[in-house]
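1. here are the coordinates; sequence isn't available:
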């Protein structure tokens, strides 16, 4: 399994712990609030809000929390203005990092992000220094044991998916952002469960890293993901299987 897909598995397993800490709720609430502010409070006409609400329900967030977050976004309730910011930089081994942030204090957040990167052999870059290495895609991960490859391929291509590949124990399905809901819906209708499904910034190429840099990268990814203002971290690393087996995440 590649390092990039492995990180999705690690994140998935961390989700329950994050939810207990309240950290996951905080991030989802920010996403709901911003989505409602930008696209309105009706999930039927606001795909971004619809996905945020799905994520909230998947994390067992109470409906009252979801409703209040929407109302703060639409201005029906008072709330802090949250800004979306993207920071770009490099991690160990020259790996590109694309960091999406939601914050009410950009000066504080950028200082903290810079500190995390510098402490773990990384650095911030200029705007657009690595953005060109990524493309917005819908990505869905499905455990291999659920369905055979040919059947799954037929199903997703009929629903509008672009491609699929087997990565270790997971199928990785790629879609254009506009086709993501159709493909996800077709899988749900067929009773297929996914390990992770999201609109993401997918790297166009990957950088293979050795054991030393792999350990540093997983640490830097975890530290960034644990920051309360960081919504998503995308990277173009690929850790060979033999290296991944030597690492205890």
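-> Yes, it's here. None of these values were measured; they are calculated from a predicted model.

2. so residue 49 sits right up against residue 43, yeah?
-> Yes. With contact defined as C-beta atoms under 8 Å, residue 49 reaches residue 43; the gap is 4.8 Å. (Each C-beta comes from the backbone N, C-alpha and C, glycine too.)

3. Neighbour count: these two, which is higher?
-> Shown here are residue 49 and residue 43; by other C-beta atoms under 10 Å, residue 49 has more neighbours (27 against 20).

4. That one sits in which helix or strand?
-> Here residue 49 sits within helix 47-58, counting by DSSP states H and E.

5. any idea how far that helix is from the chain center?
-> Mean-position distance between helix 47-58 and its chain equals 13 Å (C-alpha atoms, centre = their mean, to the nearest Å).

6. Just list what that helix packs against, helices and strands only.
-> Where contact means 3 or more C-beta pairs under 8 Å, 6 or more residues apart in numbering; DSSP states H and E, helix 47-58 is packed against helix 23-39, helix 63-74.

7. Look at residue 198 and say how many residues are nearby.
-> When neighbours are counted by other C-beta under 10 Å, residue 198 registers 16.

8. now it: how far from residue 173?
-> Using C-beta to C-beta, to the nearest Å, residue 198 is found at 12 Å from residue 173.

9. Student question: in the protein, what's the helix or strand with minimum average pLDDT?
-> Sorting the helices and strands of the chain by mean pLDDT, DSSP states H and E puts helix 3-21 at the bottom, at a mean of 52.

10. Quick one: mean pLDDT for whichever strand in the chain runs longest?
-> Longest strand in the chain, counting residues (DSSP state E): strand 134-143. Strand 134-143 carries an average pLDDT of 91.

11. So what touches that strand?
-> Strand 134-143 is contacted from outside by 5, 8-9, 96, 98, 152, 162, 169-177, 179-180, 183-184, 187, 192-204, 234, 236, using C-beta atoms under 8 Å, 6 or more residues apart in numbering.

12. And that strand, how far out from the chain middle?
-> Using C-alpha atoms, centre = their mean, the offset of strand 134-143 from its chain centre is 9 Å.

13. ok, and for the strand or helix carrying residue 213, which residues are buried?
-> Using DSSP H and E, residue 213 sits within helix 211-226. Judged by neighbour count using 16 or more other C-beta atoms under 10 Å, the buried positions of helix 211-226 are 213-225.

14. just those now: which is nearest residue 68?
-> Nearest to residue 68 among the buried residues of helix 211-226, counting by C-beta to C-beta, is residue 225 at 24.8 Å.

15. Contact partners for the residue lying farthest from the centre of the chain?
-> Within the chain, residue 76 marks the point farthest from the mean C-alpha position, 28.8 Å out by C-alpha atoms, centre = their mean. Residues in contact with residue 76 (C-beta under 8 Å, 6+ apart) are residue 41.

16. Next, give phi and psi for residue 89.
-> Residue 89 adopts backbone torsions of phi -170, psi -160, taken as degrees, to the nearest 10.

17. correction: residue 238
-> Note on residue 238: its backbone torsions stand at phi -140, psi 120 [degrees, to the nearest 10].
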